[in-house]
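K.L.:
Give me coordinates for this.
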Amino acid sequence: MPYVLEDIGMKCTMRTVEIGKGTLGTTTLLQKGVCVPGASGASVGEFLEQSLGLSPEYIDTDVRTIFLNCSPVDDIDGVHVKDGDVLSLSAAMPGLVGIAMGRNTAVSGFRSDISAKDSGEVPEGDALVTVKLFNLVAQDAGPAILARGVVVSVEALKSALGDAAPDVQPDEESVILRVV
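P.N.:
The predicted model follows:
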């Protein structure tokens, strides 16, 4: 059944496909990135809660590393997302990299030149944000995010899921994927 993404301003028509829980390759798909509809102008924290369905407690305790467009984010309430952004989430990473790139660590001030900063006026409206999930965040939050529905290119779907990929039409570029 075709689905028009009117609620996020998309003019294309996509079909919803479903896969079962535990399908091999979903972690790979989450690491490569899935597109999640949200609101442009929302803070990173708001996006995590409203669009991904993560609780504030989970964000504070388990999502220790956040990158927006390849820049580490410390202030999730002071940096805002817009259409086309890439948001990467990870639990605490080990070693020096984990200390240097983790949120609000003792050494995060030393990387202030590369940290994400708000670019000023972020246009409000609908957005499609690519979300990449790694390690425990992919394991813990990934299934619920996939159950909410994400937009995935057919190429990425086939690449990550292989033979477990649902049947798609040759002319389809993207589908809405849901885990049931």
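K.L.:
low pLDDT regions in the protein?
P.N.:
Counting by pLDDT under 70, the chain shows low-confidence ranges at 1-13.
K.L.:
In contact with the closest residue to Ser108 other than its chain neighbours, which residues?
P.N.:
Spatially, and ignoring its direct neighbours in sequence, Ser108 is nearest to Asp74 (5.6 Å; C-beta to C-beta, 6 or more residues apart in numbering). (Glycine included, C-beta is placed from N, CA and C.) Listed by C-beta atoms under 8 Å, 6 or more residues apart in numbering, the contact set of Asp74 reads 103-104, 108, 115-116.
K.L.:
Among these, which pair sits farthest apart?
P.N.:
Longest distance between any two of the contacts of Asp74 is 13.2 Å, between Asn104 and Ala116; criterion C-beta to C-beta.
K.L.:
The two: which has the busier surroundings?
P.N.:
Counted by other C-beta atoms under 10 Å, Asn104 and Ala116 do not tie: Ala116 has more neighbours, with 22 against 11.
K.L.:
Identify the bridge partners of the nearest residue to that one once chain neighbours are set aside.
P.N.:
Among residues not flanking Ala116 along the chain, Ser71 sits closest, at 4.0 Å (C-beta to C-beta, 6+ apart). Residues in a beta bridge with Ser71, per DSSP bridges, are Leu68.
K.L.:
neighbours of the nearest residue to Val34 once chain neighbours are set aside, just the number please.
P.N.:
Nearest residue to Val34, sequence neighbours excluded (C-beta to C-beta, 6+ apart): Val150, at 3.9 Å. By other C-beta under 10 Å, 23 other residues sit near Val150.
K.L.:
go on, Ala100?
P.N.:
Residues near Ala100, counting by other C-beta under 10 Å: 16.
K.L.:
Tell me which residues touch it, please.
P.N.:
Contact analysis of Ala100 by C-beta under 8 Å, 6+ apart lists 107-108, 110-111.
K.L.:
ok, of the residues you listed, which come out buried?
P.N.:
The neighbour-count criterion (16 or more other C-beta atoms under 10 Å) marks Ser108 among these as buried.
K.L.:
if we take the contacts of Ala100, which one ends up nearest to Leu48?
P.N.:
For those, the minimum distance to Leu48 (C-beta to C-beta) is 18.5 Å, reached by Ser108.
K.L.:
picking that back up, same list (the contacts of Ala100) but as a markdown table, adding secondary structure and distance to Thr28.
P.N.:
What follows is those, written out as a markdown table (DSSP: H, G, I helix; E, B strand; the rest coil; distance: C-beta to C-beta, whole Å):
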| residue | secondary structure | distance to Thr28 |
| --- | --- | --- |
| Val107 | coil | 31 |
| Ser108 | helix | 30 |
| Phe110 | helix | 33 |
| Arg111 | helix | 29 |
